[in-house]
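> sequence first, then the predicted structure:
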Amino acid sequence: FKHWNAGANTSDGCNTRAEVILEEAVEQPEISAGCKLSGGRWFSLYDDTWVTSASSLDVDHLVPLAEAWDSNASTWTAARREAYANDLATPTSLIAVTARSNRAKADKDPADWLPPAAGYHCAYATGWVETKLRWGLAADDRERAALLGVAEECPGATLSYETVP
């Protein structure tokens, strides 16, 4: 997966990662040459943590690249894998979170990891399913069972996605 390409705005010098961080800033950072970010403030939904340094953030692929690979992305073209890894068209694909929480998650699916912030479980599971459906990715039995378990606690949750051709 080629990721962190030039992003949606190729003239600003910011890659996809930086564009997600800028989009999710609660207080905008200053942007200097080469898309260096200073100042700013973010809220990491995975662990209910405020962050004041962009370098403390990771941009998480909600459905990790390894999980996508194991869920049929291995059959995709290189261009489709790059599009997946840099999907800015929907807010559920990429999310800025603390590096600590992203690294704890690694490439685990919901059967093995949910965000420490229990209040985010419904949104996380919904985003996971939306991403899988959007990209036509498969779900194994353990993953499906875990998602159904979370869904029982989310009576008002709805899915909203457009499939990628």
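Great, that's in hand. In this text, all values refer to a predicted model and were calculated from it rather than measured experimentally.

> so who does Trp4 touch?
15-17, 85-86 (C-beta atoms under 8 Å, 6 or more residues apart in numbering). All C-beta atoms are positioned from the backbone trio N, CA, C, and that covers glycine.

> in the sheet, who's paired with the residue nearest the centre of the chain?
The residue lying closest to the centre of the chain (C-alpha atoms, centre = their mean) is Leu94, at 2.7 Å. Using DSSP bridges, the beta-bridge partners of Leu94 come out as His61.

> what sits up against the longest helix seen in the chain?
If each helix of the chain is counted by residues according to DSSP state H, the longest one is helix 121-135. For helix 121-135, the surrounding residues in contact (C-beta under 8 Å, 6+ apart) are 45-46, 62-63, 68, 71, 73, 84, 90, 92-93, 95, 109-110, 114-115, 137-139, 147, 150-151, 153-154, 157-164.

> in strands only, show me these.
Ile95 (DSSP state E).

> now the buried members of the contacts of helix 121-135.
Neighbour-count burial (16 or more other C-beta atoms under 10 Å) applied to the contacts of helix 121-135 gives 45-46, 62-63, 68, 71, 73, 84, 90, 92-93, 95, 109-110, 114-115, 137, 139, 147, 150, 161.

> inside helices: which ones of the residues you listed?
68, 84, 147, 150.

> just flag the most distant two among these.
By the measure C-beta to C-beta, Tyr84 and Val150 form the most distant pair in those, at 23.0 Å.

> residue ranges with poor pLDDT in the chain?
In the prediction, the chain carries residues with pLDDT under 70 at positions 10-11.

> before we move on, the earlier item: can you list the ones in helices among the buried ones among the contacts of helix 121-135 in JSON lines and add distance to Ser55?
As requested, these are arranged in JSON lines below (distance: C-beta to C-beta, whole Å):
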{"residue": "Ala68", "distance to Ser55": "26"}
{"residue": "Tyr84", "distance to Ser55": "25"}
{"residue": "Leu147", "distance to Ser55": "32"}
{"residue": "Val150", "distance to Ser55": "31"}
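
> residue farthest from the centroid of the protein?
In the chain, the residue that sits farthest from the middle, by C-alpha atoms, centre = their mean, is Ala33; the gap is 26.0 Å.
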